[in-house]
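S.K.: pasted the sequence and its predicted model underneath.
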Amino acid sequence: MAGAAQRCESGGGISFTFPTNISIPAGGVALVVPFDPGDAQSLAAFRARYNITNSTLQIFGPWSGKLGNRGDRVALERPLTPDLPGDPYSWVIVDEMIYGNQTPWPTNANGRSPSLHRTVANGCGNNSLIWFAGAPTPGQASTADRDGDGLPDAWMLQHFGHADAQAGDLSRAGDDPDGDGLTNLQEYLTGSDPHDAGSPLRFTSVAMSGSGPRLRFPVLAGRMTPDWQAT
């Protein structure tokens, strides 16, 4: 955020201007809080309340205003360099969310203890499907698998349009919606399509070695392979 100040604001809600010449690493997290982080007592109380032990976490504040419980807007904006020297800066929306307290937004974050958590960092912030309500975890990235079934929310959204496993559309980890013999979890691990029976795990080569047959098959980088047992 070098040069002109960046601005994080909410229309009718909160507003905060980031200081210049700061940076947040890719995948990093920063906090904007309603108090002055320079107040050591307030900062210590905030860290203790939410068990924040990361000493390198960047905390900014205070913001001005207040977010509405029934709905509001939060946006991250960046300055756009003017065409001519001396002209005012205009502001470009990097991302925003306009949330509400009714479906399709999570309804149990309406002024009570749960907070809204984002599951997909690179999705549109206005997509209510990538948000869920849960206990506040300031300074931590939201879980990428809210129901803990081994299928990332981003993968679920891509293939089923929602993040939670449901029996009705065979989106649970052990289901096999395309009937190709591979469960959804195995489809995810091998990079195949759970709705395309023509894209199951396929062996690219079969060879014999001293310890027995050696099978090769493609797997997406960074994913574990399912367990297989010879019969």
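M.R.: Received, thanks.

S.K.: for the protein, what spans make up the strands?
M.R.: Remark: strands assigned in the chain by DSSP state E are 7-9, 14-17, 30-32, 58-60, 64-65, 71-80, 90-100, 115-118, 131-134, 205-209, 212-216.

S.K.: can you add mean neighbour count, mean pLDDT and distance to Gly179 and give these back as TSV?
M.R.: Every C-beta, even on glycine, is put in place using the N, C-alpha and C of the backbone. As requested, these are arranged in TSV below (neighbours: other CB atoms under 10 Å; pLDDT from 0 to 100; distance: least, CB to CB, whole Å):
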stretch	mean neighbour count	mean pLDDT	distance to Gly179
strand 7-9	19	53	48
strand 14-17	16	88	50
strand 30-32	16	92	46
strand 58-60	17	94	49
strand 64-65	14	91	53
strand 71-80	17	88	43
strand 90-100	14	90	38
strand 115-118	17	86	34
strand 131-134	20	80	30
strand 205-209	8	75	25
strand 212-216	10	75	23
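
S.K.: mind checking pLDDT for Phe160?
M.R.: As predicted, Phe160 sits at a pLDDT of 86.

S.K.: relative to Gly150, how far out is it?
M.R.: Counting by CB to CB, to the nearest Å, the gap from Phe160 to Gly150 is 14 Å.

S.K.: and those two? Which one has more around it.
M.R.: The residue with the greater number of neighbours, taking Phe160 and Gly150 and applying other CB atoms under 10 Å, is Phe160; the counts read 19 against 15.

S.K.: how about the more buried one, what does it touch?
M.R.: Under the criterion of CB atoms under 8 Å, 6 or more residues apart in numbering, the contact list for Phe160 reads 166, 169, 171.

S.K.: ok, now with 7 Å
M.R.: For Phe160, the residues meeting the contact criterion (CB atoms under 7 Å, 6 or more residues apart in numbering) are 169, 171.

S.K.: circling back: out of the strands of the chain, which comes closest to Ala154?
M.R.: strand 115-118 (11.1 Å; CB to CB).

S.K.: can you tell me the strand partners of that closest one and which way each runs?
M.R.: Taking DSSP bridges as the criterion, strand 115-118 sits next to strand 131-134 (antiparallel) in its sheet.

S.K.: list the buried residues for the longest helix seen in the chain?
M.R.: Ranked by residue count, the top helix of the chain under DSSP state H comes out as helix 40-49. By neighbour count with 16 or more other CB atoms under 10 Å, helix 40-49 contains the buried residues 42-43, 46-47.

S.K.: average pLDDT across that helix?
M.R.: For helix 40-49, the per-residue pLDDT averages 96.

S.K.: what residues are bridge-paired with Ser90?
M.R.: When bridges are taken as DSSP bridges, the partners of Ser90 come out as Leu80.

S.K.: domain map for this protein?
M.R.: 7-134, 153-216 (automatic domain parsing).

S.K.: circling back: right, and the strands of the chain - which one's nearest Pro106?
M.R.: When the strands of the chain are ranked by proximity to Pro106 (CB to CB), strand 131-134 comes first, at 3.9 Å.

S.K.: can you give the contact residues for that closest one?
M.R.: Everything outside strand 131-134 that qualifies as a contact, by CB under 7 Å, 6+ apart, is 105-106, 108-109, 114-119, 146.

S.K.: same question for stretch 27-36.
M.R.: Counting contacts by CB under 7 Å, 6+ apart, the residues outside stretch 27-36 that touch it are 8, 16, 24, 42, 46, 57-63, 138-141.
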